[in-house]
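**Q** sequence-free structure coming up:
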């Protein structure tokens, strides 16, 4: 997946933040939720959407499938379902990921350090 900029070091995002990060309008995100079926953001008591990091990664993947790979919404939905199905099949290679909060925190600290090194090298 192509990500133009790393996601901020947060667990949850508002609709406005999600729109800014994905560079799409809010009605586009709502349309993707209904037509593609993903992401499925949680709702606060007030009814506002609350996107997780995984939701944001899905949004960026949908955008990539639609804009760069020129798929239709149906094609993007199919690609997402196949990707999800492939990860759930027995014998499928599972990509290693953080299993607990401590690992996640360590990975974020490493990412920050790498970003600071990149900035230092650029100057």
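**A** Sure, I can see it. Being a predicted model, the structure only gives us computed values, none of them experimental.
**Q** so where's this protein uncertain?
**A** Residues of the chain that meet the criterion pLDDT under 70 lie in 1-5, 87-100.
**Q** quick one: the spatially most central residue of the chain from residue 121, how far?
**A** The centre of the chain sits closest to residue 57, judged by Cα atoms, centre = their mean, with a distance of 0.9 Å. According to Cβ to Cβ, to the nearest Å, residue 57 and residue 121 sit 27 Å apart. Placement of C-beta: from N, CA and C, glycine included.
**Q** Distance-wise, check the residue nearest to the centre of the chain relative to residue 120.
**A** Per Cβ to Cβ, residue 57 is found 28 Å from residue 120.
**Q** Same check on residue 79?
**A** When Cβ to Cβ is the yardstick, residue 79 and residue 120 sit 38 Å from each other.
**Q** between those two, which one's more packed in?
**A** Taking other Cβ atoms under 10 Å, residue 79 and residue 120 do not tie; residue 79 has more neighbours (16 against 8).
**Q** All the strands of this protein, residue numbers only.
**A** In order along the chain, the chain carries the following strands (DSSP state E): 12-13, 42-43, 49-52.
**Q** could these go into a markdown table alongside distance to residue 61?
**A** As requested, the strands of the chain are exported to a markdown table (distance: least, Cβ to Cβ, whole Å):
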| stretch | distance to residue 61 |
| --- | --- |
| strand 12-13 | 15 |
| strand 42-43 | 19 |
| strand 49-52 | 13 |
